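In: need a structure here:
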Amino acid sequence: MTRCQVRLASLLLTIMPLLPGAPPQSDPANRGPEALKNLSLEELSQIEVTTPSKNPTRAFQTAGAITVITGDDIKRSGALSIPEALRLAPGVEVARIDGNKWSIGIRGFGSRLSRSVLVMIDGRTVYTPLFAGTYWEVQDTLMEDIDRIEVIRGPGGTIWGPNAVNGVINVITKDARETQGTLASVGGGNEEQGFANFRYGGGNKNFGYRVYGKAFTRSPEVHSDGKNFDDWRAAQTGMRLDWAGQHNDTFTLQGDLYDEQAGERVEATSYTQPFSRTIDGNAQLSGGNIMGRWTRVLSDRNDVQIQAYYDRTNRHEPNFGETRNTFDVDFLQRLRLPARQQVSWGLGARFGPVHDIEVVSGLTFRPNDRNDYLLTGFLQDDIGLIDHRLTLTLGTKVLRTNFTGVGLEPSARLLWTPTEQDTLWVAFTHGLRTPSDAEENFDLSGFVGTAADGTPFFARFNANRSFAPEQLNGYELGYRRLLGRKVYLDIATFYNHYHNLFDQEITGPIALETTPAPAHLLLPAQFRNGLKGATEGGEIAPEWRPTDFWRLRGSYSYLHMNIGKAPGSGDIGTASTIEGSSPEHQVAVQSSIDIKKSFQFDLAYRYVSSLPGQLVPSYSTGDARLAWHRGSIEISLVGRNLLQPSHFESGGDPGPLVAIKRSVYAKIAWTR
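Out: Below is the predicted model:
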């Protein structure tokens, strides 16, 4: 535990008895999602979440840093994509790279693919071992169908397995029985050039279904070189069925299909002339998934769940291509034992046949056809040391992949609730980020120039079959407090120690290589585990409701990163880039006002400090939404990034930084 965490713990224990409070007024466990916007702060704190432990747990009594973004929060923010909705969570770094790509991180290590964050949609993992991470541009659903997004800041590998190193994001959609009727919406603006959404649902008390479709076209952002490559067009459709049987059975079947064209700029290197070129073209992206989940409650102390899904993705980019099929099955049992104890255990298996397509000779996978797999088991024991007051949670995940041997992800969490209005928690977790195809099977070349005698000169990162898992030891301390009926306070601090972090190293002298032809000079390099480091910081997220019609929320996030070379490392600059690619300070404020039942007015402000590793300056900006609704019609006007014509948020594309422009769109929605 760091000195700042010790001081914070002492402060929290000192002020807890001095803070006013009142007991919760009601239990929202059986409230539908449409009622969430009317819940009091006390009721919102009691919303049940599943991501921290796979057990339904009240958010206020979770031994972890969790934020719940409700469907109403998303609607009132005006967000039209999952990455934009994640700006509502403290400690989450969301930066737009261009018109269709984002860099997202939690407590550091922000990158386009969010390699240290596990992302799920309804429990289906969308993290890919191709380049280690999540392709955010293909993670989509009808935004009106999202019940909530549960964001865990901090490691979650004990429950969810590898790659949940810095956090877990679980997008949870509504039960089909709660989306009956018709929804249609259309809109457009200067950036959101046009979009249309449709959903129809039906059923009864025990059975529900829905089908949906959506499509949009979005314009490029602002380019100083005038090359507007990042336009974006997509269409998606899907369905969901939910059934509740008479014998404590529930069953869900859902699936999606999508097709996209996402403009991008890539560097393409080849061993034939012109050796290197920048390509502005379209990534052809398509895929689909289907998932089934069955739950049976055997008794009030015993229930089991089986989930299985199939996911297919097709990526055809100007410099490489891949087709991946993923088959996954997961079993979970929860047993409530005497003496205030609950044991959860489970097994999982995932297999992913993959075929990589060579488009340019400077980017190849060896072999082109592989079968990635992941085998897991977990055990967790929740022990009530003092009934309703003190709980100890011990657990571990055991895993094996085609890249690694057996790995363990243990954790210990202690939760203390001295009163109905106070929660104090402390945790230790060991997390793993497993190697990816890019680190173990990937050859990537870059053209350096031409020697004096005309011989072409390349540098190449060669495949590293010995790339080891990145490892984390994480220490966390947090406190939550309900101050009366109008104020809620959430504080979380952390200290994380990492080793075996990814770096880039030169592995030998320049040599003459004759294969592939023509003969060329080559500087060999490799992706290795040459870095270590530590991060520390915290998040403060207060909420205040001055009146029944006005809600104010804020957050401040602080992050300090210290990444350096491990003994024997030959890192060529990765450490400074990682350190400088996440903001040290983030501030956000949101105001939501209901005006005479028919109008909603929402304002948001955010400040993000600079990213020196990407030459991105600090910025402040704001959003606004005004909506009017009567009967089955709602009309809204949304402005994004309003405080300046454009600003930079992240690097990532070859060439100059892309500026994110001020945008406005209008939307009309009809429900019946």
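In: Leaving out sequence neighbours, find the closest residue to Ser576.
Out: Distances taken as C-beta to C-beta, 6 or more residues apart in numbering place Gly613 nearest to Ser576, at 6.2 Å, with adjacent residues excluded. Where you see a C-beta, it was placed from the backbone N, CA and C, and this is true even at glycine.
In: Name the residues of the biggest strand by length in the chain that are buried.
Out: Counting residues, the longest strand found in the chain (DSSP state E) is strand 520-547. Buried residues in strand 520-547, counted by 16 or more other C-beta atoms under 10 Å: 520-543, 545.
In: mind listing the strands for the stretch 101-250 of the chain?
Out: Taking DSSP state E, counting those that start in this stretch as the criterion, the stretch 101-250 of the chain contains strands spanning 102-106, 117-121, 124-125, 146-153, 167-173, 181-189, 192-203, 207-218, 232-244, 249-269.
In: Nearest to Val354, out of the ones you listed?
Out: Checking these against Val354 by C-beta to C-beta gives strand 124-125 as the closest, at 15.2 Å.
In: Would you mind putting the strands of the stretch 101-250 of the chain into CSV with mean pLDDT, mean neighbour count and distance to Ala492 alongside?
Out: Shown next, in CSV, are the strands of the stretch 101-250 of the chain (pLDDT from 0 to 100; neighbours: other C-beta atoms under 10 Å; distance: least, C-beta to C-beta, whole Å):
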stretch, mean pLDDT, mean neighbour count, distance to Ala492
strand 102-106, 97, 26, 11
strand 117-121, 97, 25, 16
strand 124-125, 96, 23, 25
strand 146-153, 96, 24, 6
strand 167-173, 96, 25, 12
strand 181-189, 97, 17, 36
strand 192-203, 97, 18, 34
strand 207-218, 98, 19, 34
strand 232-244, 97, 19, 33
strand 249-269, 97, 19, 32
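In: what distance separates the longest strand of the chain from the middle of the whole chain?
Out: Mean-position distance between strand 520-547 and its chain equals 14 Å (C-alpha atoms, centre = their mean, to the nearest Å).
In: What strands flank the helix or strand following that strand, and is each parallel or antiparallel?
Out: Sequence order places strand 550-565 as the next helix or strand after strand 520-547, per DSSP states H and E. Using DSSP bridges, the strands paired with strand 550-565 are strand 520-547 (antiparallel), strand 585-595 (antiparallel).
In: need the ones you listed in CSV with mean pLDDT and distance to Gln61, can you?
Out: Shown next, in CSV, are the strands paired with strand 550-565 (pLDDT from 0 to 100; distance: least, C-beta to C-beta, whole Å):
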stretch, mean pLDDT, distance to Gln61
strand 520-547, 96, 17
strand 585-595, 97, 25
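In: who wins for proximity to Ile563 among the ones you listed?
Out: strand 520-547 (3.6 Å).
In: could you check the angle strand 146-153 makes with that closest one?
Out: Here strand 520-547 runs at an angle of 110 degrees relative to strand 146-153 (axes from the mean of the first three to the mean of the last three C-alpha atoms, to 10 degrees).
In: next one: phi and psi at Ala575?
Out: phi -60, psi -50 (degrees, to the nearest 10).
In: I figured it was touching Asp503, is that so?
Out: Yes - using C-beta atoms under 8 Å, Ala575 makes contact with Asp503 at a distance of 7.0 Å.
In: what sits in contact with each of those two?
Out: Common contact partners of Ala575 and Asp503 (C-beta atoms under 8 Å, 6 or more residues apart in numbering): Leu531, Lys565.
In: Ramachandran angles for the residue nearest to Ser576?
Out: Phi and psi for Gly613, reported as degrees, to the nearest 10, are phi -70, psi -10.
In: pLDDT value on it, please?
Out: pLDDT, Gly613: 94.
In: I'd say it and Glu579 touch.
Out: Yes - using C-beta under 8 Å, Gly613 is in contact with Glu579, at 6.3 Å.
In: more crowded one of those two?
Out: Glu579 (21 against 18; other C-beta atoms under 10 Å).
In: Enumerate every residue touching that one.
Out: Contacts of Glu579 (C-beta under 8 Å, 6+ apart): Met561, Asn562, Ile563, Gly613.
In: Distance check, the closest residue in space to the third one that isn't next to it in sequence against Ile104.
Out: With C-beta to C-beta, 6+ apart as the measure, Gly533 is the residue that lies nearest to Ile563, at 3.6 Å, once sequence neighbours are left out. Plainly put, Gly533 is 20 Å away from Ile104 if you go by C-beta to C-beta, to the nearest Å.
In: again, but for Ala268
Out: For Ala268 relative to Ile104 (C-beta to C-beta), the value is 26 Å.
In: what does Leu285 give?
Out: The gap separating Leu285 from Ile104 is 18 Å, by C-beta to C-beta.
In: for Pro645, same thing?
Out: To Ile104, Pro645 is 25 Å away according to C-beta to C-beta.
In: Can you flag the buried ones in the contacts of Glu579?
Out: By neighbour count, with 16+ other C-beta under 10 Å, the contacts of Glu579 hold Met561, Ile563, Gly613 as buried.
In: one step back: isn't the residue nearest to Ile563 right up against Asn500?
Out: No - checked against C-beta under 8 Å, the pair Gly533 and Asn500 is beyond contact range at 10.7 Å.
In: neighbours of Tyr558, just the number please.
Out: The burial count assigned to Tyr558 is 17, neighbours taken as other C-beta under 10 Å.
In: which residues does the closest residue to it other than its chain neighbours bridge with?
Out: Distance criterion C-beta to C-beta, 6+ apart; nearest residue to Tyr558, sequence neighbours excluded, is Gly537 at 4.4 Å. For Gly537, the residues forming beta bridges with it (DSSP bridges) are Phe494, Leu559.
In: and what of Lys397?
Out: Assessed by DSSP bridges, Lys397 has beta-bridge partners Phe378, Glu409.
In: show me what contacts it?
Out: By C-beta under 8 Å, 6+ apart, Lys397 lies in contact with Gly157, Thr158, Ile159, Trp160, Gly161, Pro162, Thr376, Gly377, Phe378, Leu408, Glu409, Pro410.
In: which one is the last one nearest to, not counting chain neighbours?
Out: Just to be clear, that refers to Pro410. Nearest one to Pro410, counting by C-beta to C-beta, 6+ apart, is Thr396 at 4.0 Å.
In: Do I have it right that Arg265 meets Pro654?
Out: Yes - Arg265 lies in contact with Pro654 (C-beta under 8 Å); the separation is 5.4 Å.
In: who's in contact with Gly157?
Out: For Gly157, the contact set (C-beta under 8 Å, 6+ apart) comprises Leu118, Asn163, Ala164, Val165, Lys397, Glu409, Ser411, Thr429, His430, Gly431, Leu432.
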